[in-house]
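Visitor: Sharing a sequence plus its predicted fold:
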Amino acid sequence: MSKSAAKKTARKTTAATSALPAGRNAGVLLHITSLPSAFGIGDLGREAFKFVDFLASAGQHYWQVLPVSPSGEEQAWSPYSAVSAMAGNPLLLSPEGLADQGWLSHQEIRRYWVPNTGKVNYKAALNLRETLFEKAFHTFLSQPKDQSVFLDFCEQQAWWLDDFATYMVLREVNDNKPWYSWPAQYKNRNPKALGDINRFHGEKISKVKWLQYAFHLQWNALRNYARDNQVLLFGDLPFYVGYDSADVWSHPEIFKLDAQRNIKGVAGVPPDYFNENGQLWGMPVFRWDVLKRRKYNWWIDRIRRNFELFDLVRLDHFRAFAAYWEVPADENTARNGKWRKGPGADLFHAIDDNLGPLAFVAEDLGDIDDAVFALRDQFAFPGMKVLQFAFGDNMPSSEYIPHNYSDNFFVYTGTHDNNTTVGWWLKDSDQKTRANVKLYVDQPGVNQNNIHLFLGRLAYASVARTVILPLQDVLGLDHTARMNLPASTKMNWQWRLKPSQLTLSARNLLLKWVRVYRRGG
């Protein structure tokens, strides 16, 4: 099959999703990097399969993860600031899985074990993988039986993989500088210059593609195992992509850049619950007029790609589909931005026309207006409720308090952007908030030792169709297990589970709640 034929075939294929649970159900939020492993970071290896076993035995339907796209030290390791909207993160590859393929020796990889301190060791994880990937790739090249399937994968995914592989090799050639700092012939995608890169660095480009192939094999093995155990993978799609990304480099016309491809409009949000200066994300906003003329082809391809990975997808920053906050590139905070009209229903009609009905969840949190709710409800997307937001001065009328819910929602104690529930109780809640919690649950003895149990039970008992608890809140961990502090770039995305923490009592707690509150299982 030619690359053009493969591209045409891929774009015509409707993303298939398995049937979602019809009734009340539950799941757990845990990013893959937070799993235990012997190699510095959680990965797609044996501990991921063990976690599926844990979820299945606890009556859980969903495993929610954060984005799995590649990011690096330049992006502060944030999964929401990736260098590709389409690729998988090679850091999530399991060395054990590569050994299972026959590309490494199980005895050899033991020399690369890294102690699990409860934090991701990104540098160690990266360094050991670079060494092991090089060995595994050359073993792969020596095994002709694997080549045809790999070439088929490359043809089927050529519509994004070719640009991504070239971009990654050009980063290496240009000392890992961002693409907008490269020499003009590379920055502006001169065809002859790109052809020379592909000729002179063919093996490096093949290695980038092979890493994506290995990710494809390991991801599909995990997803199939999860499905066999009635656990569905719940993904997360960031609204924006990083300025220094293969997507912006290869499709500059759909982003708000000037003639020299400098960023003009920066994404963010105005002052909110998390930060009085708002959040300035440093990512370019989209040119929705250009995308509309192109019938939203890049977005449709992106959605299709996500449903090759996940059974349902959370649309992060959903409010930007209705209207988004654009900040001039020379601003230091997000205060002086403006609201701009988003694509609205037009985009979702185009997605539906091309891909059919898909399982989305709308992240409808933050500075939300009626237009956002109307867009969400027009397509019957489930919204989100967060219990940590429920106990302020407006508690009786709060949209986050359980007695005001309707059923088409996913309810959380907190998300990856919140403190853990114990951390929230100790660090973020004031006296009035804590008094409101005690009043609501009618238990004056609520404290840091049991607050996660009270809020977890409230979530399970609510009328919301789905409850998702961060694993930290199942285990009652404090602020040191927090995953992310918005508007901060230090100490985020590091928390990891230790094997001893995933106990039988945690499994029994979830299973009890599943049965008591009729959430399947």
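Guide: Alright, I've got the coordinates.
Visitor: The nearest residue to residue 465 once chain neighbours are set aside: which element?
Guide: For residue 465, ignoring the flanking residues on the chain, the nearest one in space by CB to CB, 6 or more residues apart in numbering is residue 407 at 5.0 Å. Backbone N, C-alpha and C define where each C-beta goes, glycine included. Following DSSP states H and E, one finds residue 407 outside all helices and strands.
Visitor: heads up, I number from 10, so please use that
Guide: OK, 10 is where the count begins now, so the last one is residue 416.
Visitor: In this structure residue 416 contacts residue 472, no?
Guide: Yes - Residue 416 lies in contact with residue 472 (CB atoms under 8 Å); the separation is 5.2 Å.
Visitor: neighbour-wise, which of these two wins?
Guide: residue 472 (14 against 11; other CB atoms under 10 Å).
Visitor: Then the more buried one would be within a helix, right?
Guide: No - with DSSP: H, G, I helix; E, B strand; the rest coil as the criterion, residue 472 is coil rather than part of a helix.
Visitor: Contacts only, for it.
Guide: 411, 414, 415, 416 (CB atoms under 8 Å, 6 or more residues apart in numbering).
Visitor: do the same with residue 140
Guide: residue 121.
Visitor: Phi, psi for it please.
Guide: phi -70, psi -50 (degrees, to the nearest 10).
Visitor: roughly how far apart are it and residue 48?
Guide: The gap separating residue 140 from residue 48 is 11 Å, by CB to CB, to the nearest Å.
Visitor: which residues do those two both contact?
Guide: Joint contacts of residue 140 and residue 48 (CB under 8 Å, 6+ apart) are residue 121.
Visitor: gap between residue 113 and residue 96?
Guide: Taken as CB to CB, the span from residue 113 to residue 96 is 22 Å.
Visitor: Neighbour count for these two, which is higher?
Guide: Counted by other CB under 10 Å, residue 113 and residue 96 do not tie: residue 96 has more neighbours, with 26 against 21.
Visitor: Next, the buried residues of the helix or strand containing residue 384.
Guide: Here residue 384, judged by DSSP H and E, is contained in helix 379-387. Buried positions in helix 379-387, judged by neighbour count with 16 or more other CB atoms under 10 Å: 381, 382, 384, 385.
Visitor: Run a quick neighbour tally on the closest residue to the third one other than its chain neighbours.
Guide: In other words, residue 384. Nearest residue to residue 384, sequence neighbours excluded (CB to CB, 6+ apart): residue 331, at 5.0 Å. Other residues near residue 331 come to 22 when the count uses other CB under 10 Å.
Visitor: gap between the two ends of stretch 297-314?
Guide: 20 Å (CA to CA, to the nearest Å).
Visitor: Repeat that for stretch 78-88.
Guide: 6 Å.
Visitor: Where does the prediction get shaky in the stretch 210-359 of the chain?
Guide: 282-283 (pLDDT under 70).
Visitor: pLDDT value on residue 17, please?
Guide: The score at residue 17 is 39. That number is its pLDDT.
Visitor: sorry, back to before: what's the closest of the contacts of residue 472 to residue 441?
Guide: Relative to residue 441, the closest of these is residue 411; by CB to CB it sits at 19.1 Å.
Visitor: Report the contact partners of the closest one.
Guide: 394, 396, 399, 420, 467, 468, 470, 471, 472, 473 are the contacts of residue 411 under CB under 8 Å, 6+ apart.
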